[in-house]
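> Below: sequence and its predicted model.
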Amino acid sequence: MTGCVVELEDVHVRLGERDVLRGVDLVLREHRVGVVGANGSGKSTLARLLNGLVLPTRGSVRVDGQDTARHGATVRRRVGFVFTDPDAQIVMPTVAEDVAYSLRRHRLGATEADRRVHEALDRHGLAGHADHPAHLLSGGQKQLLALTSVLVTEPQLVVADEPTTLLDLRNTRRVARELLALPQQVVLVSHDLDLLADYDRVLVVDDGRVVADDEPGPAVAHYRKLMEREP
Amino acid sequence: MSTTDVATRAEVGSVLHRAPAGAKLVGLAVASGALLLVRSPTGVLLAAVAVLAAYAAGRVGPRAAWSQLRPLRWVVPVIFVVQWLTLGPAQAAVLSARLVMLVALAALVMLTTRTSAVLAAIERGLAPLGRLGVDVGRVALVLSLAIRSIPVLAALATRVRDAGRARGRERDVRAFAVPLVVGALRQADALGDALRARGLDD
């Protein structure tokens, strides 16, 4: 599957009185990109910029040449987003209904929508839960549902903001495996450094800036060193 | 609506489960209108038989039915007493029974219909209002979010109550209300972001 080219040019984000991101310049075209950083470093804001959930106060973010500020809807069709808390992104009462809800804007016929929903549930191990209440699933299953609801629309890029933070080790591994196996381009924000070992590129964000941009080994080493310092 | 019952409704293949959602909603409106015309104890008895027959047709058991009617166990006695004092025992019984049957019929529709089908039917029914500038899709979205928010807020309330208990503040209204409201607002914010991320607001 062809990925996107994401370009961030001199991006500043100011939220209230705080500069969350300060002058970020990046071009992302790798298949797997990891983002690490301390709490409040700006890494989630960086992730949210990629599908226009947050717009830059200064500078620009473009996905395949489309500016997120002007073409947000087009960008969101290409870039799917998975949040930390799956409870916050499940919209419909049952599993299949929630996945189907993502397809509303695609205006598919009922048979085609149903086929795509069940195919997606099958692919992500949720086929047996199609008619179950979504909020009664386990944490891991909820996160898989959130991922399935994003993937059913076939985005080219999936941005996942700490999708394993609320999960136990088994479910963390399961979601990580799913993300790694996707044909789509993935940008994963995570505190779990082990998950990024197989990624192509890892960005380290600190105090609103990208302070390291490298392969996982050196980038994670840089991050560990950073975390050893007293704040 | 009880949350666990959503799971069971799709697994039962009764006539009511197969009936189109729009027809069930129209049927509910007609039956509710007819119930309002019932004024005698005999009429109530006949209506109760009809409601029971509808539950049998939908193959909905007593447990699922009770889960829907349980919230009425506090309201109905109060209404019954007030009506008794103002209109007498016979009218109080008729009015209370009508209320229970109305709720039972609405619950039956929800127990035998997928939420998405109900919303699609509402969207179709409201479609003419689209010409007057009403965003019908948004109305359906609001309804679906209201339904979906019930279990989420119930879980949040349980967490907040447990946290209050853990700190020995189980009777402190402020210790319950403030985190509940803050949590609900945060949840609403996060949901708004999630809807935008899924392109449902574009």
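All right, it came through fine.
> Look through chain B and tell me its longest helix.
The helix that spans the most residues within chain B, counting by DSSP state H, is helix B:136-166.
> Report all helices and strands that it contacts.
helix B:115-126, helix B:173-197 (3 or more CB pairs under 8 Å, 6 or more residues apart in numbering or on different chains; DSSP states H and E). Just so you know, the C-beta spots here come from the backbone N, C-alpha and C atoms, and that holds for glycine as well.
> neighbours around the closest residue in space to residue A:214 that isn't next to it in sequence, how many?
For residue A:214, ignoring the flanking residues on the chain, the nearest one in space by CB to CB, 6 or more residues apart in numbering or on different chains is residue A:202 at 6.5 Å. Neighbour count for residue A:202, taken as other CB atoms under 10 Å in any protein chain shown: 27.
> Can you list the strands that the strand or helix carrying residue A:202 pairs with?
Assigned by DSSP states H and E, residue A:202 falls within strand A:201-206. Within its sheet, and counting by DSSP bridges, strand A:201-206 is paired with strand A:32-37 (parallel), strand A:209-214 (antiparallel).
> which residues are contacting it?
For strand A:201-206, the external contacting residues (CB atoms under 8 Å, 6 or more residues apart in numbering or on different chains) are A:26, A:28, A:30, A:32-38, A:41-43, A:46, A:196, A:210-216, A:219-220, A:222-223, A:226.
> let's see 6 Å
Outside of strand A:201-206, the residues within contact range by CB atoms under 6 Å, 6 or more residues apart in numbering or on different chains are A:30, A:33-37, A:41-43, A:196, A:210-213, A:216, A:219, A:222-223, A:226.
> Give me the buried subset of the residues you listed.
Buried residues within the contacts of strand A:201-206, counting neighbours by 16 or more other CB atoms under 10 Å in any protein chain shown: A:33-37, A:41-43, A:196, A:210-212, A:216, A:219, A:222-223, A:226.
> Correct me if wrong, but residue B:200 is in a strand.
No: counting by DSSP: H, G, I helix; E, B strand; the rest coil, residue B:200 falls outside a strand, being coil.
> Checking the nearest residue to residue B:196 once chain neighbours are set aside next. Helix, strand or coil?
Using CB to CB, 6+ apart and skipping the chain neighbours, the partner closest in space to residue B:196 is residue A:53 (6.1 Å). Using three-state DSSP, the structure places residue A:53 in coil.
> thinking again about what came up before, please dump the helices and strands packed on helix B:136-166 into CSV; it should also carry mean neighbour count and mean pLDDT for every row.
Compiled in CSV, those are given as follows (neighbours: other CB atoms under 10 Å in any protein chain shown; pLDDT from 0 to 100):
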stretch, mean neighbour count, mean pLDDT
helix B:115-126, 17, 83
helix B:173-197, 15, 86
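> Tell me which of those sits nearest to residue B:108.
With distances scored as CB to CB, the stretch of the helices and strands packed on helix B:136-166 nearest to residue B:108 is helix B:115-126 (12.5 Å).
> same for the closest one, what does it pack against?
Helix B:115-126 is packed against helix B:21-37, helix B:136-166, with contacts defined by 3 or more CB pairs under 6 Å, 6 or more residues apart in numbering or on different chains; DSSP states H and E.
> among those, where is the model least confident on average?
Here the lowest mean pLDDT among the helices and strands packed on helix B:115-126 goes to helix B:136-166, at a mean of 80.
> Which positions in chain A make contact with chain B?
Within chain A, the residues that sit near chain B (CB under 6 Å from any CB of the partner chain) are A:53, A:73, A:76, A:81, A:88-89, A:93-94, A:97, A:102, A:105, A:131-133, A:135.
> Among those residues, which one has the most neighbours?
That'd be residue A:81 among the residues of chain A next to chain B, by other CB under 10 Å, with 27 neighbours.
> partners of the helix or strand harbouring that one in the sheet?
When elements are assigned from DSSP H and E, residue A:81 belongs to strand A:79-82. Here strand A:79-82 is paired, per DSSP bridges, with strand A:157-161 (parallel).
> between the helix or strand just after the strand it pairs with and strand A:32-37, how big is the angle?
Next in sequence after strand A:157-161, counting helices and strands by DSSP H and E, comes helix A:169-181. Calculated by axes from the mean of the first three to the mean of the last three CA atoms, to 10 degrees, helix A:169-181 forms an angle of 130 degrees with strand A:32-37.
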